[in-house]
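[1] Build me a structure from this.
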Amino acid sequence: QVQLVESGGGLVQGGGSLRLSCAASGRTFSSYAMGWFRQAAGKEREFVAAITESGKNTYYVDSVKGRFTISRDNAKNMVYLQMNSLKPEDTAVYYCAATSSIVRITTPARIDYWGQGTQVTVSS
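    Residues are numbered from 1 along each chain as shown. Presented below is the predicted three-dimensional model:
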């Protein structure tokens with residue numbers, strides 16, 4: 001069982017930065033691939049970024065490449081999403097996600113564990 005708690009959301013002006021954090025419980029954290037998803041009002045939840053169990057490989061949706069960076073600290077059971085050059089279209093609730101296989105990380109229906117979400121609002 002893994003419990004995920006996000007933090008770090010808030011209101012920021014366009015062009016600004018935010019760093020989201022996800023604290024994970026459980027002694028098997030390093031065996032999970034981790035990811036971030038987002039869901040804007042009235043839209044489906046979409047994949048944003050993922051990182052393999054070791055942290056060696058990362059993956060991003062095209063719309064955030066070059067602006068967002070996912071990282072993890074297995075010693076602290078933490079995952080981070082550094083978001084730079086934020087745009088109004090990045091406004092959404094951001095969710096931390098865990099899955100036992102990186103091949104499933106981009107599909108919401110195949111995620112094993114979800115956090116409760118944190119709101120990110122980018123003003124124009």
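[2] For the residue nearest to T52 when sequence neighbours are not counted, list the residues it contacts.
    Of all residues not flanking T52 in the chain, I102 sits nearest, at 5.2 Å (Cβ to Cβ, 6 or more residues apart in numbering). Bear in mind the C-beta positions are built from the backbone N, C-alpha and C, glycine included. Neighbouring residues of I102 by Cβ atoms under 8 Å, 6 or more residues apart in numbering: A33, A50, T52, E53, N57.
[3] Buried subset of the residues you listed, written for ChimeraX?
    Selecting only the buried entries of these in ChimeraX, with 16 or more other Cβ atoms under 10 Å as the criterion:
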select :33,50,53
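[4] of all the contacts of I102, which comes closest to E89?
    Of all those, E89 sits closest to A50, with 20.2 Å by Cβ to Cβ.
[5] So the closest one is in contact with S71, correct?
    No: in this structure A50 lies outside contact range of S71 using Cβ atoms under 8 Å: 11.6 Å.
[6] Can you pull the residues that touch both of those two?
    Common contact partners of A50 and S71 (Cβ under 8 Å, 6+ apart): none.
[7] re earlier: quick one: mark the members of the contacts of I102 that sit in strands.
    Here DSSP state E is the test, and these give A33, A50 as lying in strands.
[8] Report the two of the contacts of I102 separated the most.
    So, these by Cβ to Cβ: farthest apart are A50 and E53, at 10.7 Å.
[9] shared neighbours of those two, anything?
    Residues touching both A50 and E53 (Cβ under 8 Å, 6+ apart): A33, I102.
[10] Let's check: the centremost residue of the chain is which one?
    W36 (2.1 Å; Cα atoms, centre = their mean).
[11] What residues does that one make contact with?
    Going by Cβ under 8 Å, 6+ apart, W36 touches L20, C22, V48, A49, A50, I70, V79, L81, Y94, Y95, C96, A97.
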